[in-house]
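Novice: need a 3D model of the sequence below.
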Amino acid sequence: MEIYERLIKFFGKPSISYLSGSPFETLIRTIISQNTNWRNTGAAYKRLSEKFEIKPEVLAEVDIREIEKKVDEIIGEGKLSEIDLAVIEELKAEEDFEKIEEEIDKL
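Specialist: Residues are numbered from 1 along each chain as shown. Just a heads-up that it's a prediction; the model follows:
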């Protein structure tokens with residue numbers, strides 16, 4: 001516990017909780033967080049979720065470049081890598097959205 005407290009004191013508390021929301025929301029936050037600090041991750045996720053409901057069936061209808069644009073407004077252009085975008089695109093292509101949630105729950 002002492003290490004945790006020292007880390008929080010030095011870095012501060014994360015601006016978002018990875019334990020809240022659906023498994024799919026957690027997955028999207030995790031993808032956004034790659035090479036991004038906590039503050040920007042939280043802000044980018046918030047911006048994205050203000051524009052689109054973070055559900056597989058909703059994001060499936062959104063062009064991937066629109067998702068990239070909303071995230072880039074916060075974390076900086078090009079910070080969301082092509083690999084990150086490909087993962088989101090693959091998730092969007094999944095037709096059985098309940099299967100996504102079930103698979104994430106297994107992790």
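
Novice: lowest-pLDDT helix or strand in the chain?
Specialist: helix 97-106 (a mean of 69; mean pLDDT, DSSP states H and E).

Novice: contacts for the longest helix along the chain next, please.
Specialist: Counting residues, the longest helix found in the chain (DSSP state H) is helix 38-51. With contacts defined as CB atoms under 8 Å, 6 or more residues apart in numbering, helix 38-51 is touched by 11-12, 14-16, 25, 28-29, 32-33, 36, 54, 66-67, 70-71, 73-76. Quick note: C-beta positions are derived from backbone N, CA and C, even for glycine.

Novice: helices - which of these land there?
Specialist: Those of the contacts of helix 38-51 lying in helices (DSSP H): 11, 25, 28-29, 32-33, 66-67, 70-71, 73-75.

Novice: what's the neighbour count on Leu59?
Specialist: By the criterion of other CB atoms under 10 Å, Leu59 has 21 neighbours.

Novice: ok, for it, nearest residue in space, not its chain neighbours?
Specialist: Once flanking residues are discounted, Leu59 sits nearest to Lys92: 5.4 Å by CB to CB, 6 or more residues apart in numbering.

Novice: tell me how far the residue nearest the centre of the chain lies from Ala43.
Specialist: What sits nearest the mean C-alpha location of the chain, by CA atoms, centre = their mean, is Arg29, with 2.0 Å. In this view, Arg29 and Ala43 are 12 Å apart by CB to CB, to the nearest Å.

Novice: coming back round to it: got a markdown table for the ones in helices among the contacts of helix 38-51, with pLDDT too?
Specialist: Formatted as a markdown table, these follow (pLDDT from 0 to 100):
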| residue | pLDDT |
| --- | --- |
| Phe11 | 73 |
| Glu25 | 86 |
| Ile28 | 87 |
| Arg29 | 86 |
| Ile32 | 85 |
| Ser33 | 85 |
| Glu66 | 89 |
| Ile67 | 88 |
| Lys70 | 84 |
| Val71 | 84 |
| Glu73 | 82 |
| Ile74 | 79 |
| Ile75 | 79 |
